[in-house]
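Enquirer: show me the folded form of this:
(2 chains)
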Protein chains: 2
Amino acid sequence: MRDSSGWLEHSGPDSDVVLSCRARLARNVAGFPFVCKASPAQRTELMSLARRAILDSHLEETMLWVELNQATPRDRKLLVERHLISSQLAEGDAPRAVAVSGNESLSVMVNEEDHLRIQVLMAGSQIQGAFARVNEVDEALDQRLEFAFSQRYGYVTACPTNVGTGLRLSVMVHLPALKLTGEIERLRRASKELHLAVRGYFGEGSESVGDFYQISNQVTLGQTEEQLLSEFRDQIVPQLIEYERASRTVLRERRERLLDDRVFRALGLLQNVRLLGLDEAMKLLSRVRLGAHTGRITGIEAGAIDRLLPQIQAAHLQQIAGAQLGAEELKEARADLVRRTLA
Amino acid sequence: MRDSSGWLEHSGPDSDVVLSCRARLARNVAGFPFVCKASPAQRTELMSLARRAILDSHLEETMLWVELNQATPRDRKLLVERHLISSQLAEGDAPRAVAVSGNESLSVMVNEEDHLRIQVLMAGSQIQGAFARVNEVDEALDQRLEFAFSQRYGYVTACPTNVGTGLRLSVMVHLPALKLTGEIERLRRASKELHLAVRGYFGEGSESVGDFYQISNQVTLGQTEEQLLSEFRDQIVPQLIEYERASRTVLRERRERLLDDRVFRALGLLQNVRLLGLDEAMKLLSRVRLGAHTGRITGIEAGAIDRLLPQIQAAHLQQIAGAQLGAEELKEARADLVRRTLA
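Expert: Numbers count the residues shown, from 1 in each chain, chains lettered A, B, ... in the order given. The predicted structure follows:
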């Protein structure tokens, strides 16, 4: 696998708050049972149908096809750490695959919960672009695969929460100021009322670490794709950005000493650690990122911090080391990487 | 008060482990009730007797006489922070005083628990020297004051734990390696068996902060001064030094990564903090001191750390600022002082 990718390593619009955004469609092929009910033979057949459709569609200049049963555990883990496949897909044992574009912006999981999960990831706040692109891919594949569709409910999916549009929009946001000022709890309550799911950096089932939150819509039924998009793009994301920025301004103008203490402590630690766990790394990088984006820390480019976020995870560290690493060795490798990057 | 002193700011022998040592004698003047039973008039009379005796003895080139009722609260606190008087003497309201030599090595408290508490403080492990000096002072004062003495028990003191020789020997030791390796608990148990009192940096009633321990004899009765001295000088202190050094060698040779992590994290924090509490400061300075004495940190002189230990305390910070400081301002002033000193 290439060591660099577009969306993960470059900044997009509003990247002070929004690290990345994602549009995902759940699709199932008519005439096949859902993945959980399908026989190995049916799964294999579906995989080969999907492979042909994806490759024949020439969706991107290069598309990599990875059958996960043939991938090493470390490569599967790498795909998870780069947000290209879910843990669920990595850990299964049935026939399953992912198609990934060369710039890692597009990925299509095959035989995850649904037959196809088409996702487009983009740096920063480009939800409109991600939505447009995922629809293009959907239409292209629709030429070659018949997707299960009900006139009454819309797209049929394995889990009822995806029925309808099958569309999920999400943003990975960085809200350190709302956390420091304690306003994050108010936001959590508001998210609940708006039927938004709030997850951590590591996705489904993960707690927020280092003030990174993945925020996505939960309802896919009863709204058109355009309604969902417009709510997300025009209301939810701009408001998140506005709240966080306002909170950063308050910190900078009224609690400069506290802000500097938190930000420079984190930088001082990261420039000196010799042993570093993942959670602590995320927490400290979050603080340094806040420092870079509020202009308190100069000389460290915010992008350098964003590039570290995937790299400090286990499979990435092992890939860099070219070796399997034990728990203590991971802490050492993580500390060395971060220390040298921020030196 | 002068801003520098001999024993507090210079290193003595074995200063990698022993910051300072102290010999103290408790004495009472015959014909006067103990301080707790004395009337204000008797205390005042005693104070004037003591003053004359001390000043007429020409114990040191300069001797400062401070009547604590006339001192400001901050000056009283400064004397405590420099280990020249006890908190008990600082906080009393009866007539009481202290005589302090110009280099702050000798101090004589008047009307503390006993009529006189004569103490000699020296840098590093010079317990023999401190003992010799406190005895000279005792003999000189004995020419001018009649000390209460019982043929059976020895020197009579207000508290039975001081009866006999009235001598207390103590060392302020720095045991960060024994703490890191967990051996400190074994040492605590051994100290108990040897009837040694283990206190923190701030003396009586204080918990150990930052791995600094004040270790002193508890028994003064049934042993001659020479027996006490020889046990302390030839056994207890050398063993403490040996244990701690052995533990540092183990860390350096077998757990270098852990040692460096702890030491450089502390340095990284102290070079970047903007708000700093006293306990955290002691803890981090302790780690940096370990780093300097094990050769892991170069470019920071261990003496600079030792000089910070009194300076980061409240009254010292207020003296430096020339103003009364609130709790938050103290944290700011402490952070600024430490950050600049270790920059």
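Enquirer: would you check that residue A:117 makes contact with residue A:23?
Expert: No: counting by Cβ atoms under 8 Å, residue A:117 stays clear of residue A:23, with 11.4 Å between them. C-beta coordinates here come from the backbone N, C-alpha and C atoms, glycine included.
Enquirer: the two: who's more crowded?
Expert: residue A:23 (29 against 24; other Cβ atoms under 10 Å in any protein chain shown).
Enquirer: quick one: contacts for that one?
Expert: Contact analysis of residue A:23 by Cβ atoms under 8 Å, 6 or more residues apart in numbering or on different chains lists A:119, A:120, A:127, A:130, A:131, A:133, A:134, A:167, A:168, A:169.
Enquirer: count of residues packed around residue A:40?
Expert: Residue A:40: 10 neighbours (other Cβ under 10 Å).
Enquirer: which residues touch it?
Expert: Contacts of residue A:40 by Cβ under 8 Å, 6+ apart are A:94, A:95.
Enquirer: tell me both backbone torsions, phi and psi, for it.
Expert: Backbone torsions for residue A:40, taken as degrees, to the nearest 10, come to phi -50, psi -40.
Enquirer: show me what the residue nearest to residue A:106 when sequence neighbours are not counted is bridged to.
Expert: Leaving aside its chain neighbours, residue A:106 sits nearest to residue A:120 (5.4 Å; criterion: Cβ to Cβ, 6 or more residues apart in numbering or on different chains). When assigned by DSSP bridges, residue A:120 has beta-bridge partners residue A:23, residue A:106.
Enquirer: any idea how far residue A:120 is from residue B:42?
Expert: Counting by Cβ to Cβ, to the nearest Å, the gap from residue A:120 to residue B:42 is 91 Å.
Enquirer: ok, the two, which is more surrounded?
Expert: residue A:120 (25 against 16).
Enquirer: so for the more buried one, what pLDDT did the model give?
Expert: We have a pLDDT of 97 for residue A:120.
Enquirer: return the residues of chain A in contact with chain B.
Expert: Selection of chain A residues close to chain B by Cβ under 8 Å from any Cβ of the partner chain yields A:257-258, A:260-261, A:264-265, A:267-275, A:332, A:335.
Enquirer: which phi and psi values does the spatially closest residue to residue A:31 that is not a sequence neighbour adopt?
Expert: Nearest non-adjacent residue to residue A:31, counting by Cβ to Cβ, 6+ apart: residue A:146, 7.2 Å away. The phi/psi pair for residue A:146 (degrees, to the nearest 10) reads phi -90, psi 110.
Enquirer: residues in contact with residue A:146?
Expert: Contacts of residue A:146 by Cβ under 8 Å, 6+ apart are A:29, A:30, A:31.
Enquirer: just residue A:290 next, same as before
Expert: Residue A:290 neighbours (Cβ under 8 Å, 6+ apart): A:174, A:176, A:177, A:211, A:248, A:259, A:262, A:263, A:296.
Enquirer: most neighbours of all the contacts of residue A:146, which one?
Expert: Busiest of these [other Cβ under 10 Å] is residue A:29, holding 19 neighbours.
Enquirer: touching, it and residue A:142? I think so.
Expert: No: using Cβ under 8 Å, residue A:29 is not in contact with residue A:142; the gap is 10.7 Å.
Enquirer: mind listing what's buried in stretch A:198-217?
Expert: Along stretch A:198-217, these residues count as buried under the neighbour rule (16 or more other Cβ atoms under 10 Å in any protein chain shown): A:199-202, A:208-217.
Enquirer: re the thing from before, in strands, which of the contacts of residue A:290 appear?
Expert: Under the assignment DSSP state E, these contribute residue A:174 to strands.
Enquirer: got a ChimeraX select line for the buried ones in the contacts of residue A:290?
Expert: Provided next is the ChimeraX selection string for whichever of the contacts of residue A:290 are buried by 16+ other Cβ under 10 Å:
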select /A:174,176,177,211,248,259,262,263,296
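Enquirer: sort the contacts of residue A:290 by pLDDT and name the bottom one.
Expert: Ranking the contacts of residue A:290 by pLDDT, residue A:211 lands last with 92.
Enquirer: got phi/psi on it?
Expert: phi 60, psi 20.
Enquirer: separation between it and residue A:160?
Expert: 32 Å.
Enquirer: ok, the closest residue to chain B within the stretch 101-250 of chain A - how many residues close by?
Expert: Using Cβ to the nearest Cβ, residue A:180 is the residue of the stretch 101-250 of chain A that sits closest to chain B, at 13.2 Å. Residue A:180 is flanked by 21 other residues according to other Cβ under 10 Å.
Enquirer: re the thing from before, just the ones in helices from the contacts of residue A:290, please.
Expert: The members of these that map onto helices under DSSP state H are A:176, A:177, A:248, A:259, A:262, A:263.
Enquirer: of those, which pair is most distant in space?
Expert: Farthest pair in those (Cβ to Cβ) is A:248 and A:262. Separation: 12.2 Å.
Enquirer: which stretches in chain A count as helices?
Expert: A:6-9, A:40-56, A:73-81, A:87-91, A:127-142, A:176-180, A:184-193, A:225-230, A:237-254, A:256-270, A:278-293, A:302-311, A:314-321, A:327-342.
Enquirer: wait, residue A:89 touches residue A:96, no?
Expert: Yes: assessed by Cβ under 8 Å, residue A:89 is found in contact with residue A:96 at 5.8 Å.
Enquirer: please enumerate the shared neighbours of these two.
Expert: A:68, A:109, A:111, A:112.
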